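Below are the sequence and a predicted model for it; my questions follow.
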Amino acid sequence: MSPKIDLLNSLSEIEQSALIRISEAVSPEDLEALKISLLGRKEGQLSQILKRIGVVKSSERKIVGAEANRIKKVLTVALGTAQTNLETANKDMSSFFDVTLPGREQWKGSEHPINQVIDEVWQIFRSMGFTRVRGPEIDSEWYNFEALNTPLDHPAADQQDTLYLKNSGLLRSHTSPVQIRTLEKYSPPIRVLAPGMVYRRDTYDATHTPAFHQIEGLVVDEGITFVDFKATLSEFSKRFWGSGTKVRFRPSFFPFTEPSAEVDVKRIVIRDGQKVETDWIEVMGAGMVDPNVLENVGYDPERYTGFAFGMGPGRMALLKYGIPDLRMFFQNDVRFLSQLLHGQIR
Ligand code: DAH
């Protein structure tokens with residue numbers, strides 16, 4: 001290889017590797033060191049090469065010298081650009097990060113108080129073998145009323161109470177239609193819990209809201225009796241409202257149950273450091289499934305019996321946790337919503 005080619009090859013190698021090293025530099029100090037090792041007058045790699053130019057024929061020295069100058073320019077420009085880039089990057093970082101600021105707390109979501117109550121109720125029924133189901137919030141007169149043995153001229157079906165949709169259908173006024181859908185979809189033994197939203201033309205005040213939650217329950221099988229009904233709901237009531245709670249089944253009427261009952265509880269609470277009994281508080285509507293309901297979905301009421309119940313977790317939260325106003329559940333005050341009602345870490 002001629003000395004000229006040899007030197008040109010070395011120059012080319014220096015150029016390639018220098019450009020890579022410049023692009024990899026992470027600090028101005030790196031760049032300064034690179035500049036000296038590449039372009040330094042005595043020890044720089046380019047100078048080292050040019051020191052050997054004597055071995056090249058004098059007629060060809062010009063070519064090698066010109067190439068060395070070209071590379072020197074290229075590297076000078078590359079070093080300058082890298083320098084500016086590093087400076088602006090550093091400037092951006094320092095205005096972005098204030099390392100003296102205290103760390104921010106992680107923003108954690110929390111379970112809505114109503115969902116906490118629903119979950120408490122669910123945990124109890126789950127331990128008794130119930131499954132969780134749900135149904136649509138937009139439903140028909142058949143599911144919301146007729147299949148539940150409620151004729152359309154019943155006061156509950158009145159325009160006053162139910163929110164009808166423009167063309168057809170309605171917003172369910174209770175979770176009981178999920179009973180019908182469950183009976184259609186599954187076969188006995190049926191033990192389900194169906195929490196969900198319901199809608200009524202109602203006032204918006206401390207104890208009423210036009211949209212609210214209900215929790216429906218349904219048990220249907222061969223041989224389900226009034227004893228199962230009373231035992232299950234008594235057990236639930238004691239577990240939810242406290243072990244000293246008294247439970248009372250008061251005769252009532254619902255179109256879809258026969259006989260029907262309202263469940264009242266008398267709780268033991270601490271007031272001024274004293275254990276006291278509350279008054280009777282109504283907490284649930286319930287009853288044995290009316291044979292007409294079973295017939296409406298093709299079940300033989302001679303063979304199958306069952307019981308159903310419905311409760312309002314919003315009202316239960318008011319009673320159990322002393323929340324003064326139902327509207328607090330809808331006002332989105334994070335200080336209220338992020339509370340743990342149950343006082344336990346979830
Ligand atoms: N659906 C009733 C209501 O909205 C509550 C209810 C009462 C549900 C008795 C039931 C039941 O399942 O058996 O007022």
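Cool, got the structure.

for residue 81, helix, strand, or coil?
Following DSSP: H, G, I helix; E, B strand; the rest coil, we place residue 81 in the helix state.

What values do phi and psi take at the residue in the stretch 101-250 of the chain positioned nearest to the ligand?
Here the stretch 101-250 of the chain gets closest to the ligand at one residue, residue 174, 3.2 Å apart by Cβ to the nearest ligand atom. C-beta: built from backbone N, CA, C; applies to glycine. With angles defined as degrees, to the nearest 10, residue 174 sits at phi -160, psi 170.

which residues sit in contact with it?
144, 198, 214, 216, 310 (Cβ atoms under 8 Å, 6 or more residues apart in numbering).

and if you look at residue 286?
Counted by Cβ under 8 Å, 6+ apart, residue 286 has contacts 229, 233, 249, 257, 260, 261, 262, 263, 307, 308, 309, 310.

So it belongs to a helix, correct?
No - under three-state DSSP, residue 286 falls outside any helix and is assigned strand.

That one: what's its closest spatial neighbour, skipping adjacent residues?
Spatial nearest neighbour of residue 286, chain neighbours left out: residue 309 (3.7 Å); criterion: Cβ to Cβ, 6 or more residues apart in numbering.

Show the pLDDT at the residue of the stretch 101-250 of the chain closest to the ligand.
Per-residue pLDDT puts residue 174 at 97.

quick one: it from residue 102, how far?
51 Å (Cβ to Cβ, to the nearest Å).

same thing with residue 325?
Using Cβ to Cβ, residue 325 is found at 36 Å from residue 102.

element containing the residue nearest to residue 286?
Element membership for residue 309, per DSSP states H and E: strand 304-311.

got the buried residues for the helix or strand following that strand?
For strand 304-311, the succeeding helix or strand toward the C-terminus, using DSSP H and E, is helix 313-321. Neighbour-count burial for helix 313-321, counted by 16 or more other Cβ atoms under 10 Å, picks out 313, 314, 315, 316, 317, 318, 319, 320.

got a list of what the third one touches?
Shown in contact with residue 315 (Cβ under 8 Å, 6+ apart): 207, 283, 326.

try residue 222
Counting by Cβ under 8 Å, 6+ apart, residue 222 makes contact with 188, 303, 304, 305.

Among those, which one has the most neighbours?
residue 305 (22 neighbours; other Cβ atoms under 10 Å).

does it have beta-bridge partners, and which?
residue 221 (DSSP bridges).

Report the separation between it and the ligand.
Relative to the ligand, residue 305 is positioned 13 Å away (Cβ to the nearest ligand atom, to the nearest Å).

Could you break this protein into its assigned domains?
For the chain, the structural domains run 3-96, 113-341, going by automatic domain parsing.

Can you flag the weakest of the ones you listed by average pLDDT?
Lowest mean pLDDT within these: domain 3-96, a mean of 88.

now do the same end-to-end measure for it.
End-to-end span of domain 3-96 (Cα to Cα, to the nearest Å): 54 Å.

what's the answer for stretch 100-117, then?
End-to-end span of stretch 100-117 (Cα to Cα): 43 Å.

cool, stretch 170-181 as well?
Between the opening and closing residues of stretch 170-181 there is a gap of 16 Å (Cα to Cα).

buried set for it?
Buried-residue list, stretch 170-181, by 16+ other Cβ under 10 Å: 170, 171, 172, 173, 174, 175, 176, 177, 178, 179, 180, 181.

now do stretch 41-57
Buried residues in stretch 41-57 (16+ other Cβ under 10 Å): 44, 45, 46, 49, 50, 53, 56.

could you dump those residues to JSON lines with distance to residue 253?
Supplementary listing: those in JSON lines, determined by distance: Cβ to Cβ, whole Å:
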{"residue": "44", "distance to residue 253": "102"}
{"residue": "45", "distance to residue 253": "100"}
{"residue": "46", "distance to residue 253": "103"}
{"residue": "49", "distance to residue 253": "106"}
{"residue": "50", "distance to residue 253": "109"}
{"residue": "53", "distance to residue 253": "113"}
{"residue": "56", "distance to residue 253": "114"}
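
Specify which member of those residues is nearest to the ligand.
Looking across those and measuring by Cβ to the nearest ligand atom, the closest to the ligand is residue 45, at 88.1 Å.

which SS class is the nearest residue to the closest one once chain neighbours are set aside?
Nearest residue to residue 45, sequence neighbours excluded (Cβ to Cβ, 6+ apart): residue 14, at 5.1 Å. Of the three states, residue 14 takes helix under three-state DSSP.

ok now do residue 14, which residues does it touch?
38, 45, 46, 49, 71.
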